[in-house]
Structures are given as C-alpha cells and as structure tokens.
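*Asks:* Return a 3D structure for these sequence lines:
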Amino acid sequence: MSDSHHTGNSPSAERLTLPELAAKRQRGERIVMVTAYDAPSARLADVAGVDVILVGDSAGTTVLGGESTVPVSMDDMLVFTRAVVRGSTRALVVADMPFGSYQPSEEVAVASAIRFIKEGGADAVKLEGAGRTLTRISGIVEAGIPVMGHIGLTPQSATLLGGYKAQGRTAAAARRLVDEAILLERAGCFSIVLEAVPPIVAKYVTEAVRIPTIGIGAGAACSGQVLVWHDLLGLLPGRTPKFVKQYAQIGAAIQTALETYVAEVRAGTFPDDRHTYGMPDAERERFEETFRLRTGKS
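*Replies:* So this is what the prediction gives:
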C-alpha cells in the first residue's frame, strides 16, 4: 500500500505527548486543535501540522444531521474516534464524551472513558462543565486517563444556559469561569477548552491556570485555538458562528463538482475513453465471435 493511501498508524510515528503539549504553553508556542471525525480528515490535519485532533460530539450536527449534540451515542463516538486514530499518526487524539456517558455517576464516567481508550484508541477524553463534572474528572484521571475540560458555552447543557449564547459576560459570571478553571486544573485536567467567552475573561482564565487553554470564540489570549472541520472549510450551508473564520469554501466547490458530474452523466459525455479500460483486439474479436455464433448474425 502506498504512503498516500495509508490508513493506519506508522510504526515509527510518535504522537504528541501531554508533557510536550504543556511545554508548548510554557514556551508561548500556540497550540492548534481541530475537530474532525474521519480518517481522511485526520490525515490531512496531521500533515498540516495540527497538534491535537478533537473527535467532537458536534458530529451529531455536522455529520449525522441532528438538531443538537445530545442524541449522539457512545457507539457513534467510538466509530468516529477509531477512524480518526487510524488516519493520524502524530496529533494527540482527544475523544469528546457524549451526553449521558459521564453525567449519571463517577462509575459510568470511568467506564465510558475506558472504552474510548481501549476500544477507540484515543489518547484522552474531554468532558463539559464543572460542578458535578469535577468528581467525574477526578475519577477518570485516577483511572489513568488524561482529561481535557470544557467551560463557557457547553453545548450539551445549552438549554440550561439559555441557548447557544456567549458566557461570562457579567462580572459575576466571569469570576465564576475563572474559579471553575482553577477547579478543573485541581481535578487533574491537562487542558481546558474555553468556548464563547469574552477575550478578557479568557485572558484571566489563562493566567489563573498553568495548563493550556484552547479557545473557540474566546479571543487570542488562550494558549491555542480550535475550530470545527466543517466550519473552517466552509462545508456547511447557512450562517456560521461569529467566532468562525472560513479558510476555504469547500462546500461550494463540492456543489459545483457534483452539478457538473450530474450534467455530464445525463448528457452522455462521462465516461469517455480516458475513463475506461481497454481489451486486446484478439480477445475482443473472440468475445464478439461467441455472440455471433449464438445469435447466428454475421
């Protein structure tokens, strides 16, 4: 199998380690994370030099077409995680724990996290929120599994937050986010995602903890940034969140390609001789002769 079609991990490849990720923060080197869900995307992210690939439960909306991330199951996430692990060799792979996989109890949380490592091949897991989530995080870390935290806008609990709205926009709410970040670090998180919070809040959170902070709609003061694959590549129609920068319009290019394909097939111009396989003349004549003998036609 050629390197360009390799779907597994190279035996000699070494994934980014947690100490290396921490060292990037200490050096002031910005960390790059993308959210992706399949092997081809993971391979492209790897080659581009992405540090961390988050297998997000956002697959529920971007890939599975749902209204929210809530219905995504463990089985769904394990399929996506295995695909990303197969497609990448150097990026740290973090699996998003879906709604219901850690909320019920610490025991459920640890069992779910173990599945992501054992069955999915992930390097770490991510959990949303603080509060009761802190005990889940501590239990998972004690089981030897690295945990990434996530505060600010937490999509799994968006209803409680009043919808998909920016968080930490009052002094009290901002102070609470700083306190939550400190608690997440104490619980054992190796990194924290800050979603949809004012840059000044993200700055204070980043200064309050020693672990890397990864921003999404949180300004440039974080240790790194994350964007969803489909958002940054312009793959989805409709309005994009304010914090998204589209680096390409791949969706429009795909649409044009598909429309051209439809037109050529219907017009009979595809396939042409360049896209078909030849047959030696002698074999073609022998083949055609069998039909002439069968039908009696010359």
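
*Asks:* pLDDT weak spots in the stretch 101-250 of the chain?
*Replies:* Residues of the stretch 101-250 of the chain that meet the criterion pLDDT under 70 lie in 158-164.

*Asks:* Please enumerate the helices of it.
*Replies:* 106-118, 133-142, 171-187, 199-208, 229-232, 250-267 (DSSP state H, counting those that start in this stretch).

*Asks:* Going C-terminal from the helix or strand harbouring Ala83, what's the next secondary structure element?
*Replies:* Using DSSP states H and E, Ala83 maps to helix 74-87. Going down the chain from helix 74-87, the next helix or strand is strand 92-96, by DSSP H and E.

*Asks:* Show me what that next one is packed up against.
*Replies:* Using 3 or more C-beta pairs under 8 Å, 6 or more residues apart in numbering; DSSP states H and E, the elements in contact with strand 92-96 are strand 52-55, helix 74-87, strand 124-126. The C-beta positions use only the backbone N, C-alpha and C, and glycine is treated the same way.

*Asks:* which of those is buried the deepest?
*Replies:* Mean neighbour count (mean count of other C-beta atoms under 10 Å) peaks for strand 52-55 among the helices and strands packed on strand 92-96, with a mean of 28.

*Asks:* Pairing partners for that strand, with directions?
*Replies:* Strand 52-55 has its sheet partners listed here by DSSP bridges as strand 31-35 (parallel), strand 92-96 (parallel).

*Asks:* For that strand, what is the distance to the chain centroid?
*Replies:* 5 Å (C-alpha atoms, centre = their mean, to the nearest Å).

*Asks:* got it, and stretch 227-236?
*Replies:* Per C-alpha atoms, centre = their mean, the centroid offset for stretch 227-236 relative to its chain is 11 Å.

*Asks:* List the buried residues for that stretch?
*Replies:* Applying a neighbour-count criterion of 16 or more other C-beta atoms under 10 Å, the buried positions in stretch 227-236 are 227-236.

*Asks:* returning to that earlier point: of all the helices and strands packed on strand 92-96, which lies closest to Arg274?
*Replies:* Closest of these to Arg274 is helix 74-87, at 30.2 Å (criterion: C-beta to C-beta).

*Asks:* Mind listing residues that contact the closest one?
*Replies:* Helix 74-87 is contacted by residues 7-9, 36-43, 46, 53, 55, 57, 59-60, 63-64, 93, 95-98, 101, 112, 115-116, 119-122 when judged by C-beta atoms under 8 Å, 6 or more residues apart in numbering.

*Asks:* taking the mean pLDDT, what do you get for that helix?
*Replies:* Mean per-residue pLDDT for helix 74-87: 98.

*Asks:* Just the CA trace of that helix, in PDB.
*Replies:* Coordinates of the C-alpha atoms in helix 74-87 are reproduced here as PDB (Å, rounded to 0.1, in the frame of the first residue of the first chain):
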ATOM      1  CA  MET A  74     -21.100   6.200  22.700                       C
ATOM      2  CA  ASP A  75     -21.200   3.800  19.800                       C
ATOM      3  CA  ASP A  76     -21.400   6.800  17.400                       C
ATOM      4  CA  MET A  77     -18.400   8.400  19.000                       C
ATOM      5  CA  LEU A  78     -16.300   5.200  19.100                       C
ATOM      6  CA  VAL A  79     -16.800   4.800  15.300                       C
ATOM      7  CA  PHE A  80     -15.600   8.400  14.700                       C
ATOM      8  CA  THR A  81     -12.700   8.000  17.200                       C
ATOM      9  CA  ARG A  82     -11.400   4.800  15.700                       C
ATOM     10  CA  ALA A  83     -11.500   6.500  12.200                       C
ATOM     11  CA  VAL A  84      -9.500   9.500  13.400                       C
ATOM     12  CA  VAL A  85      -7.000   7.300  15.200                       C
ATOM     13  CA  ARG A  86      -6.500   5.200  12.000                       C
ATOM     14  CA  GLY A  87      -6.000   8.400   9.900                       C
END
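
*Asks:* what's the distance between that helix and the middle of its chain?
*Replies:* The answer for helix 74-87 is 10 Å, by C-alpha atoms, centre = their mean.

*Asks:* hmm, back to that, can you put the strands paired with strand 52-55 in TSV and add distance to Ser223 and mean neighbour count?
*Replies:* Formatted as TSV, those follow (distance: least, C-beta to C-beta, whole Å; neighbours: other C-beta atoms under 10 Å):
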stretch	distance to Ser223	mean neighbour count
strand 31-35	5	23
strand 92-96	14	28
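
*Asks:* got TSV for the ones you listed, with mean pLDDT and distance to Ala166 too?
*Replies:* Output for the strands paired with strand 52-55, formatted as TSV (pLDDT from 0 to 100; distance: least, C-beta to C-beta, whole Å):
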stretch	mean pLDDT	distance to Ala166
strand 31-35	98	19
strand 92-96	98	21
